[in-house]
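# Provided below for reference: sequence and predicted model.
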Amino acid sequence: MSLTRIRWMAMVLGVLGVAGVLVLHWLVFFWVGTERTMGIVQRIFYVHVPSAWVTFLAFGITALCGAAYLWLRDERLDWAAQSAAEGGLVFGAIMLTSGPLWAAYAWGTPWTWEPRLTLTLLMWFVFLGYFLVRASAEDRLAGKRMAAVIGVLGALLIPLVHVSVLWFPSLHPQPVVLNIDEGPTLDSDMLITLMVGLLAFTLIFFSIVIFRYGLEHLRYQHALETRDQPRAA
Amino acid sequence: MSGSPSAAPRTHAPVLEAASLVRDYGPVRAVDHVSFRLGAGEFLSVFGPNGAGKTSLLRLLAGGLRPTTGEVRVSGIPLTIGDRAARGRIGILSHLSFLYGRLTARENLLFHGRLHGLEDLDSRVPDRLRDVGLERYADSRVDTLSRGTVQRLAVARALLHDPEIVLLDEPYTGLDAYAGALLQELLSALKHGGRTVVMVTHNLGRGLELADRVAIQVRGRFVFEARRAELDAGGLERSYRRAVEEGA
Amino acid sequence: MTVYLRQVAAIVRKDLLLELRTRERLAAMGGLTVLVAILFHFAIDQGLVRMQQLAAGLLWMTILFGGMLGMGRTFEMEREHGAIQGLLASPIPLDGIYLAKVISNFVLVALIEVIALAAYWLFFGFDYGGDPLLLAGVLAVATLGVVAVTTLFSAISAQTTMGQTLLPILIFPLLVPVVIFGVTATGRIFASRPAQEVEGSLYLLAAFAVLSLAAGAILFRYVVEE
């Protein structure tokens, strides 16, 4: 794919995504009904859930592209994996800040060891390790391979981590019982708002990832061009 | 040096062949279309400034680095990165000793012998220690030995499994004149054993002493190749200077 | 196959010989284990909680930190004088190198587990329950999982400028299952509960160990390959 096509694609997705986020906010603030038990803070839900979804998506892309990179050694796969991981780190941070804000009001405590919450926190740390290894690798190429290994191993072990965290409460009865059930099934206006949120966040995520991918592409091209010129004396 | 290279399929193919080897590190091209063929007993010295891709070339030849394109053939058989058995036919001597300081000379050789699956270590290890003149130090810990002594032990390690192909990566680095001369003697025995040798170095004098063929590598490429007989030391130096200046 | 096993054995033997000669990793790990126990004595108000209630958790935290300390050096010690290059240039398959390192690390961590159990018994009179065989089994299986993951990541951290400081961020998120099921299983053994209550945790620990060992054996080559 040429650089201009990459930029163009990222641009279109970005514009659509931003438009989607604007619509989302209008829906969240002026249109969607207020949830009965949790009240107004439940509206954080429409940001929280889409960012969680995008984080999981990023995790999957990082692992798949990482595995493919180890297999095929195509630089482009590494760019994709890295770009997705960066997106995952950002959206993971959004999720991890919006979650406790919501929980502080809805459940009366900013942090609960709710399985999905715990899992996403651990996943965020896997992303962090991914970037620390890339950044501190003595050999840049080895850094790419090692990061890919982290992505793949993370994806392999995360299901087990999830199962353990899920079963943890049944292993150790919790002293405080929090009502963290799903609550009533979503009303249609809530469902529509959530869908808009999911779509908008996904578009923005891919826009960022493709922009980032384009940047790596550009760097690579630049390095290629300077390599064929004689070095300055 | 006792022991001849282990029996290998006798074919007409050269013992070591590089076929249009290319290796990229991302956008950086470290080895650029290098080709050569070496028969048994041939000694190739590759000269080049730092960063010319000499070490990458050697790693490609050792099967430790996968070529971006092109291939290395050992007796006509392509060397692949997963082909661990082919490594038994290659010995590597570097300026790093690859030895464990806290183990004795004997223990180090035993360890390497076991890695190579050698059976006759009880006799082979003392023999090889004697070959490099280190029988007195058999039970000394390596970290108590001098740099020159360690390098001689490294020679014994590199040749322990009687490789047909020996790769030398700046083996003289850090040696004083005396130790260098001793090493020179050990390495010259390699040729008489019928081994195929590739040495990379930026030391023109040392490289020329043993070589049958020389090459100059600049920015990944072989920019100059010649037979030893066609060259005198002054000629090589002039070619080297010209190649490096043109390349830079 | 026998050649493969002999090559693996050669590395294990070399590692243990080196450890026997220097005792540096064992001293650091064992020292940390005992010192952590001493610190726990002062860190926990035994007028409020009984140490025995915390026994399984304390034991596992000690093992994890002590193990990480020693295992973090697995490949750093191979880099001295380029020894790792000698290993990589030898005919042993790369998964064999990983396997050998897992085995020698397992021996090391098992030793500090013995030290930890002894220290906690000595200092706090912990009751380890009535089934030492089951306890040994649970410890072995859980340790295998920890060692499999940590050995792979120590090969990664050794190739970074951050070195061992990187290790906790890399391994702890993935070792959560071992902590959960390890603590549950050992806690129940300490409380002399019936073996059936431990079974489920043991299976999950085994699943984790098998999965991470297989993944480690496959992925290791990408970590060390030049």
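Nice, thanks for sending it over. Numbering: from 1, shown residues only, chains lettered A, B, ... in the order given.

# Quick check, B:Leu182 in contact with B:Arg152.
Yes: taking contacts as C-beta atoms under 8 Å, B:Leu182 lies within contact range of B:Arg152: 6.5 Å. (Glycine included, C-beta is placed from N, CA and C.)

# shared neighbours of the two, which are they?
Contact criterion C-beta atoms under 8 Å, 6 or more residues apart in numbering or on different chains; residues shared by B:Leu182 and B:Arg152: B:Gly133.

# Neighbour count: the two, which is higher?
Neighbours per residue, other C-beta atoms under 10 Å in any protein chain shown: of B:Leu182 and B:Arg152, the larger number sits with B:Arg152, 25 against 18.

# residues from chain C in reach of chain A?
Counting by C-beta under 8 Å from any C-beta of the partner chain, the residues of chain C close to chain A are C:149, C:152, C:156-157, C:159-162, C:166, C:169-170, C:172-174, C:176-177, C:180-181, C:184, C:201, C:204, C:207-208, C:211-212, C:215-216, C:219, C:222-223, C:225.

# what residues are up against residue 66?
No chain specified, so I'll use chain A. The contact partners of A:Gly66, by C-beta under 8 Å, 6+ apart, come to A:77-78, A:81, A:147-152.

# that's the wrong chain, I wanted chain C
C:Gly66 makes contacts with C:29-30, C:32-33, C:36, C:109, C:112, C:116, as judged by C-beta under 8 Å, 6+ apart.

# C:Gly137: which of the residues you listed is nearest?
Nearest to C:Gly137 among the contacts of C:Gly66 is C:Val109, at 15.4 Å by C-beta to C-beta.

# quick one: the closest one and C:Gly70 touch, right?
Yes: counting by C-beta under 8 Å, C:Gly70 is a contact partner of C:Val109 at 7.4 Å.

# Chain A contacts on chain B?
Counting by C-beta under 8 Å from any C-beta, the positions of chain B adjacent to chain A are B:25-29, B:66, B:248.

# Please list only the buried members of the residues you listed.
The neighbour-count test (16 or more other C-beta atoms under 10 Å in any protein chain shown) applied to those identifies B:28-29, B:66 as buried.

# Mind listing what's buried along the longest helix along chain C?
In chain C, assigned by DSSP state H, the helix with the most residues is helix C:94-124. Residues C:94-106, C:108-113, C:115-117, C:119-120, C:124 are the ones in helix C:94-124 that count as buried (16+ other C-beta under 10 Å).

# same question, stretch A:56-73
Neighbour counts over stretch A:56-73 (16+ other C-beta under 10 Å) mark A:56-59, A:61-70 as buried.

# The buried ones among the residues of chain B next to chain A in strands, which ones?
B:28-29 (DSSP state E).

# Just the pLDDT at residue 175, thanks.
Looking at chain A here, since you left the chain open. Per-residue pLDDT puts A:Pro175 at 47.

# wait, I meant chain C there
Looking at C:Leu175, its pLDDT stands at 93.

# Who are the contact partners of residue 207?
This is for chain A. Applying C-beta under 8 Å, 6+ apart to A:Ser207 gives the contacts A:10-11, A:13-14, A:17.

# let's do chain C instead
Taking C-beta under 8 Å, 6+ apart, we find C:Ala207 in contact with A:Leu160.

# quick check, it in a helix?
Yes: under DSSP: H, G, I helix; E, B strand; the rest coil, C:Ala207 falls within a helix.

# What residues sit buried inside the lowest-mean-pLDDT helix or strand in chain A?
Taking mean pLDDT, DSSP states H and E as the measure, chain A has helix A:140-171 as its least confident helix or strand, at a mean of 85. Buried residues in helix A:140-171, counted by 16+ other C-beta under 10 Å: A:141-158, A:160-165, A:167-168, A:171.

# now, which of those lie close to chain B?
Checking the buried residues of helix A:140-171 against chain B (C-beta under 8 Å from any C-beta), the matches are A:Leu141.

# How many residues are close by C:Met68?
The number of residues packed around C:Met68, counting by other C-beta under 10 Å, is 22.

# So what's the gap between the helix or strand it falls within and the chain middle?
For C:Met68, the element it lies in under DSSP states H and E is helix C:51-71. Averaging C-alpha positions (C-alpha atoms, centre = their mean, to the nearest Å) puts helix C:51-71 10 Å from its chain's average.

# helices or strands up against the helix or strand just after it?
Going down the chain from helix C:51-71, the next helix or strand is helix C:76-79, by DSSP H and E. Using 3 or more C-beta pairs under 8 Å, 6 or more residues apart in numbering or on different chains; DSSP states H and E as the contact test, no helix or strand touches helix C:76-79.

# Spatially, what comes nearest to residue 168 if we skip its sequence neighbours?
The chain I'm using is chain A. C:Ile180 (5.5 Å; C-beta to C-beta, 6 or more residues apart in numbering or on different chains).

# Hmm, no, I was thinking of chain C.
Spatial nearest neighbour of C:Pro168, chain neighbours left out: C:Met68 (6.6 Å); criterion: C-beta to C-beta, 6+ apart.

# Do a quick rundown of the helices in chain B.
Taking DSSP H, the helices of chain B run over residues B:54-62, B:105-115, B:121-131, B:147-159, B:177-192, B:204-210, B:233-247.

# can you pull up the bridge partners for the most centrally placed residue in chain B?
The centroid of chain B falls nearest to B:Leu167 when counting by C-alpha atoms, centre = their mean (1.6 Å). Beta-bridge pairing for B:Leu167 (DSSP bridges): B:Ile92, B:Val198.

# thought it was touching B:Ala62?
Yes: when contacts are counted by C-beta under 8 Å, B:Leu167 is listed as touching B:Ala62 (5.6 Å).

# Mutual contacts of these two, please.
Counting by C-beta under 8 Å, 6+ apart, the common neighbours of B:Leu167 and B:Ala62 are B:90, B:92.

# Now do the residue of chain C positioned farthest from its centre against B:Ala30, distance only.
Taking C-alpha atoms, centre = their mean, the residue of chain C most remote from its mean C-alpha position is C:Gly47, at 32.3 Å. Applying C-beta to C-beta, to the nearest Å, the value for C:Gly47 to B:Ala30 is 66 Å.

# before we move on, what about B:Leu60?
Taken as C-beta to C-beta, the span from B:Leu60 to B:Ala30 is 9 Å.

# before we move on, what about C:Pro93?
According to C-beta to C-beta, C:Pro93 and B:Ala30 sit 26 Å apart.

# Packing partners of the longest helix of chain C?
The helices and strands touching helix C:94-124, judged by 3+ C-beta pairs under 8 Å, 6+ apart, are helix C:2-22, helix C:24-43, helix C:51-71, helix C:83-89, helix C:132-157, helix C:196-224.

# and stretch B:92-101, how far apart are its ends?
Across stretch B:92-101, the terminal residues are separated by 18 Å (C-alpha to C-alpha, to the nearest Å).

# Not counting residues beside it along the chain, what's closest to A:Glu35?
A:Gln42 (3.8 Å).
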